[in-house]
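1. all I have is the shape, not the residue letters:
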Ligand SMILES: Nc1ncnc2c1ncn2[C@@H]1O[C@H](COP(=O)(O)OP(=O)(O)OP(=O)(O)O)[C@@H](O)[C@H]1O
């Protein structure tokens, strides 16, 4: 995060100069997020902004939330640190422009921002793409979760120290999917070619059956925290894995909010359990259970 700190102070010195010369600025619109405009009046602690796309239309914005815009707002960069002015608005605009071109990954130095595309982008995670990223330094290829996985692997090899990748974000952001891409990348690239590689990856559907459920925000929401370890031998090949789990939302087993569901395993049992198990657990149609629980 050091580079972020440096950039912020450099941004401040650029900022006032850039905003005084009548160049476009990003200002927080009361209803429409950051909008491009020019400053037409300066108040004590607010600025009057005229929208660039609607001449004559103005709105007020707090002075400390108005930021200088890049010269070309349609241009995008792979690393937000390469922006001339790095601020909340230019960062969001850069990520948005990239997202509109199916470039869902963007760096902030060695941090990766991922935006969930909610559809399969062709070839983004293909076997060829995995090969391309092997052994390549961060920044030599377009931003990708594979590049982060490879950097962690190379750092482990060089520094001979355990490495961690922290994946965070709101529900539905893509944490579970990106974690699986990291696992797939490491086992494919640096596995021993034995069945342990597949077993690490194949453990996920099982974990998800018991710990994931449909919520209003995500059809496959992980309802537990996960700490996934990948173990390497002295030759730096994958030899095992371990998953610790935390704080499973147990209440979901008995009651679910409207529009939400129980853990996937419940429906799988209802749909496909053999007759003896169906009888033992008194399994019927999932709809019957909802009626009985009274949670509709
Ligand atoms: N890179 C991607 N490409 C295509 N679809 C994706 C990608 N990332 C996420 N998705 C889609 O978005 C859904 C939600 O993503 P995911 O389950 O990874 O979110 P999450 O951050 O783990 O959420 P939660 O915190 O609720 O578990 C996935 O089931 C998948 O359909």
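-> Here it is on my side, so go on. Worth saying up front: this structure is predicted, and the values here are computed from it rather than measured. Numbers count the residues shown, from 1 in each chain.

2. ok so residue 245 is a helix residue?
-> No: assigned with DSSP: H, G, I helix; E, B strand; the rest coil, residue 245 falls outside any helix and is strand.

3. and the residue nearest to it when sequence neighbours are not counted, how far from the ligand?
-> Spatially, and ignoring its direct neighbours in sequence, residue 245 is nearest to residue 224 (4.8 Å; C-beta to C-beta, 6 or more residues apart in numbering). (Each C-beta comes from the backbone N, C-alpha and C, glycine too.) From residue 224 across to the ligand, the span is 9 Å (C-beta to the nearest ligand atom, to the nearest Å).

4. wait, residue 224 sits on residue 248?
-> Yes: the criterion here is C-beta atoms under 8 Å, and residue 224 meets it with residue 248 at 4.2 Å.

5. need the residues touching each of those two.
-> Shared contacts of residue 224 and residue 248, defined by C-beta atoms under 8 Å, 6 or more residues apart in numbering, comprise residue 211.

6. how about the helices in the stretch 51-200 of the chain?
-> Listed in chain order, the helices of the stretch 51-200 of the chain (DSSP state H, counting those that start in this stretch) span 88-100, 127-133, 145-159, 175-190, 195-211.

7. which strands and helices sit next to the fourth one?
-> Pointing back at helix 175-190 there. helix 127-133, helix 145-159, helix 195-211, strand 225-232, strand 238-246 (3 or more C-beta pairs under 8 Å, 6 or more residues apart in numbering; DSSP states H and E).

8. list the contacts for the closest residue to the ligand within the stretch 1-150 of the chain?
-> Scanning the stretch 1-150 of the chain for the residue nearest the ligand gives residue 116, at 4.4 Å (criterion: C-beta to the nearest ligand atom). By C-beta under 8 Å, 6+ apart, the contact list for residue 116 reads 104, 172-174, 177.

9. try 10 Å this time
-> 99, 104, 169, 172-175, 177-178, 218 (C-beta atoms under 10 Å, 6 or more residues apart in numbering).

10. same check on residue 25?
-> 15, 18-19, 34-39, 47, 49, 52, 61, 66-69, 85, 89.

11. beta partners for it?
-> residue 37, residue 68 (DSSP bridges).

12. that one and residue 34, how far apart?
-> 9 Å (C-beta to C-beta, to the nearest Å).

13. check residue 203 too.
-> When residue 203 is compared with residue 34 (using C-beta to C-beta), they lie 42 Å apart.

14. quick one, which of the two is more surrounded?
-> residue 34 (22 against 14; other C-beta atoms under 10 Å).

15. enumerate the residues of the stretch 51-200 of the chain near the ligand.
-> By the rule C-beta under 6 Å from any ligand atom, the part of the stretch 51-200 of the chain lying against the ligand is 116-120, 169, 171-177.

16. could you dump the contacts of residue 116 to TSV with pLDDT and neighbour count?
-> As requested, these are exported to TSV (pLDDT from 0 to 100; neighbours: other C-beta atoms under 10 Å):
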residue	pLDDT	neighbour count
99	98	17
104	98	19
169	97	13
172	98	16
173	98	16
174	98	19
175	98	18
177	98	14
178	98	20
218	97	18
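
17. OK, contacts around residue 226?
-> Per C-beta under 10 Å, 6+ apart, neighbours of residue 226: 167, 175-176, 179, 204, 207, 211, 243-246.

18. at 7 Å instead, please
-> Each residue near residue 226 by C-beta atoms under 7 Å, 6 or more residues apart in numbering is listed here: 243, 245.

19. quick check: bridge partners of the residue nearest the centre of the chain?
-> The chain has residue 114 as the residue nearest its centroid, 4.1 Å off, counting by C-alpha atoms, centre = their mean. Residue 114 has the following beta-bridge partners by DSSP bridges: residue 105.

20. cool, thanks, talk later.
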